[in-house]
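Novice: I would like to see how this sequence folds:
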Amino acid sequence: MSASTTDQYQTVKVPWYRRTQAEASLAFILFVAPMIIGLTIFTFIPIVWGALISFSEARNTVSIGDWVGFDNYSAVLGNPEFRQSLRTILVFAVFIVPITFFLSLVLAMLVNSAGFGSAFFRSVFFIPTAISYVIASIVWKMGIFSGSAYGFANMVWYWLDENAPVVAWIGETDPPYYWLVLVTVRLWLQVGFYMILFIAALQEIDQTLYEAAQVDGARLGWHTFWTITFPLLRNTSIAVLMLNFIAAFQAFDEFINILGGVGSVGNISLARPPLVYLYQIAIQQQDYGRGSAGALILTAIIVAVTLIQGRLFGFGSKS
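Specialist: Numbering: from 1, shown residues only. Model prediction:
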């Protein structure tokens, strides 16, 4: 056998750099594939299926068929209870968004400047974010704002004024003290998370800017905060506002556990957000078509307002 024939049967060696690229591609596929499969099964397919159900007369079934067009959408938008739920969640957002923003920023400034012990305070304020909304709502309802003379809020009220009457915090409608209960529980649960976002942004600020400002005669405190700190927190501030708004419009657990309860009406009619309304339509009344239509309408509202916020505030811009 000639040498040329022997060379044809010799094994061709793959260059090391090509083998490395192939292994990297295979590793990438193995790591990403489970996430893509999970998103497809548990996110993308349910979204598409829910959109198709919203155009169907789906009562007591999640099957697609018996197309009704936009009848479910018009029924939801024409329902005064749904419009009232939108007003309710708007009032909730008006309270919770600015209060959370202000308090989380103040806490971030204080903790970031604490020096020794800052890690302890970060942990203390962040721990509530790991607590279930259901558990916190029950504690607020049964313990702090129970409405009895021995509830924590009424005891504090009594210490301040011995002649103060016992307040039914949840059932009182004039004035509507239940808003205090709803806002404080959400505030306690989420303010630590946004505080961490602000702390991360504060630690990215170049400290030489403050030194240069001090050399130029700027006074440390409010002056440097408004001229240096707050402008450099612009993108983080916008992100906090947007995330806060989205979370406010997705409120469910505190409303249904404080004002009502699963399977019961209670006082939920006092303040029923859209998700509770859609839960009652889809789960309790088994009208999945109308419930899916309402969910898509609510999603469209959240996306639209978020995009408008981002455009108005210039989220992501370097200016």
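
Novice: Can you list the buried residues in stretch 153-170?
Specialist: Across stretch 153-170, burial judged by 16 or more other CB atoms under 10 Å covers 153-154, 157, 167-170. C-beta coordinates here come from the backbone N, C-alpha and C atoms, glycine included.

Novice: Can you tell me what sits against it?
Specialist: Outside stretch 153-170, the residues that touch it by CB atoms under 8 Å, 6 or more residues apart in numbering are 141, 144-149, 151, 177-178, 180-181, 258-259, 267.

Novice: cutoff 6 Å now
Specialist: The contact list for stretch 153-170, computed with CB atoms under 6 Å, 6 or more residues apart in numbering, reads 144-145, 147, 149, 177-178, 181.

Novice: Can you say which two of those residues are spatially most distant?
Specialist: A149 and Y178 (18.6 Å; CB to CB).

Novice: Look up the closest residue to the residue nearest the centre of the chain, ignoring the ones flanking it.
Specialist: For the chain, the residue sitting closest to the mean C-alpha position, by CA atoms, centre = their mean, is A247 at 2.9 Å. Excluding the flanking residues, the one nearest A247 by CB to CB, 6 or more residues apart in numbering is Q190, at 6.7 Å.

Novice: picking up where we left off before, higher neighbour count, A149 and Y178?
Specialist: Y178 (21 against 12; other CB atoms under 10 Å).

Novice: ok, the residue nearest to A247 to I99 distance?
Specialist: 11 Å (CB to CB, to the nearest Å).

Novice: If you count surrounding residues, which of those two has more?
Specialist: Counted by other CB under 10 Å, Q190 and I99 do not tie: Q190 has more neighbours, with 20 against 16.

Novice: quick one: pLDDT of M242?
Specialist: In the predicted model, M242 carries a pLDDT score of 92.

Novice: so it touches Q309, yeah?
Specialist: Yes: with contact defined as CB atoms under 6 Å, M242 counts as touching Q309 (5.4 Å).

Novice: higher neighbour count, the two?
Specialist: The neighbour comparison of M242 against Q309 (other CB under 10 Å) goes to M242, with 19 against 15.

Novice: Now do the SS call for that one.
Specialist: helix (DSSP: H, G, I helix; E, B strand; the rest coil).

Novice: Now do the contacts for it.
Specialist: By CB under 6 Å, 6+ apart, the neighbours of M242 are 306, 309.

Novice: where's it relative to L202, distance?
Specialist: M242 is 19 Å from L202, by CB to CB.

Novice: got it, and N235?
Specialist: N235 is 13 Å from L202, by CB to CB.
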